[in-house]
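**Q** sequence and predicted structure, then a few things I'm wondering about:
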Amino acid sequence: MAAEKGDLIAAREFERREKLSVKDVLHESFLNLTYKAMMEKNNPLNYEQFGEAVKEAAAKGSITAQQHLNIWKYLNEAMEAFKKKDSTGLVAALSKAIHLDHQIVEIPDMFHSIIEERFKTHPDDLDTGTCRVKIYSRNSQMPIIVDKYLKIYPQDEYLIEMFIAGCIVFKKYNAAKEVVMIALQVPFIIHYFAS
């Protein structure tokens, strides 16, 4: 084992994993499967690496590439809002990016405190909630946070997906099934499966 051979990083990781509860191990395993693409060496949001190819593909009609361009646009808008100390603009732009593809969008740590401050004054705002769910998506508290917002916004696809994923990770299959049944009533989802 690397930890036994003096690899300090491996030793620390081994110690961290020994302290995890079964619930946290299940949650981490789920995240590793769900966010596998994010853990790969090439970050799909690296504009320098992929920008020109994505622009070219979008120009040729690729919907995925256009979606990628929109994510970059929203992330740039979020950064501009951050510079202006505009929490409304920040969460709105991040929420749009997250709704386009939550698996590749990450919220930079420097935005977390602004989002948490906004939560104090706008606890029921969908954009703020979307950002909080994303921030806590790797935390065992995520299903509780999602549940709060799903009660207010029962047709939000991102919240539905995150709630179902959380239920599956924590083996609350009946709750997941109930949400799936509700989700099948959402017009977007019915249209998606009908086509």
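**A** Good, I have the coordinates.

**Q** now tell me which helix or strand of this structure has the poorest mean pLDDT.
**A** Least confident helix or strand of the chain, by mean pLDDT, DSSP states H and E, is helix 187-194 with a mean of 48.

**Q** need the helices for the chain, in chain order.
**A** Per DSSP state H, the chain carries helices over the ranges 8-18, 22-34, 36-39, 47-59, 63-83, 87-100, 109-121, 126-135, 142-152, 157-169, 173-183, 187-194.

**Q** reformat those as a markdown table; add mean neighbour count.
**A** To be clear about C-beta, it is placed using only N, CA and C from the backbone, and glycine gets the same treatment. Output for the helices of the chain, formatted as a markdown table (neighbours: other CB atoms under 10 Å):
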| stretch | mean neighbour count |
| --- | --- |
| helix 8-18 | 11 |
| helix 22-34 | 14 |
| helix 36-39 | 11 |
| helix 47-59 | 14 |
| helix 63-83 | 16 |
| helix 87-100 | 22 |
| helix 109-121 | 13 |
| helix 126-135 | 24 |
| helix 142-152 | 18 |
| helix 157-169 | 21 |
| helix 173-183 | 14 |
| helix 187-194 | 10 |
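
**Q** show the pLDDT at the closest residue to residue 117 other than its chain neighbours.
**A** Leaving aside its chain neighbours, residue 117 sits nearest to residue 87 (6.8 Å; criterion: CB to CB, 6 or more residues apart in numbering). Model confidence at residue 87, expressed as pLDDT, equals 96.

**Q** distance check, residue 87 against residue 144.
**A** From residue 87 over to residue 144 the distance is 23 Å, taken as CB to CB, to the nearest Å.

**Q** next: residue 165.
**A** 14 Å.

**Q** isn't residue 98 right up against residue 137?
**A** No - using CB atoms under 8 Å, residue 98 is not in contact with residue 137, being 9.8 Å away.

**Q** low-confidence regions, the protein specifically.
**A** Along the chain, the model assigns pLDDT under 70 to residues 1-16, 25, 27, 29-42, 186-195.

**Q** try it again with 50
**A** Along the chain, segments meeting pLDDT under 50 span 1-7, 37, 39, 189-195.

**Q** list phi and psi for the spatially closest residue to residue 152 that is not a sequence neighbour.
**A** Nearest in space to residue 152, with sequence neighbours left out and distances taken as CB to CB, 6+ apart, is residue 124 at 5.7 Å. Torsion angles at residue 124 (phi, psi; degrees, to the nearest 10) stand at phi -110, psi 10.

**Q** for residue 124, give its distance to residue 148.
**A** 9 Å.

**Q** check residue 107 too.
**A** Residue 107 is 18 Å from residue 148, by CB to CB.
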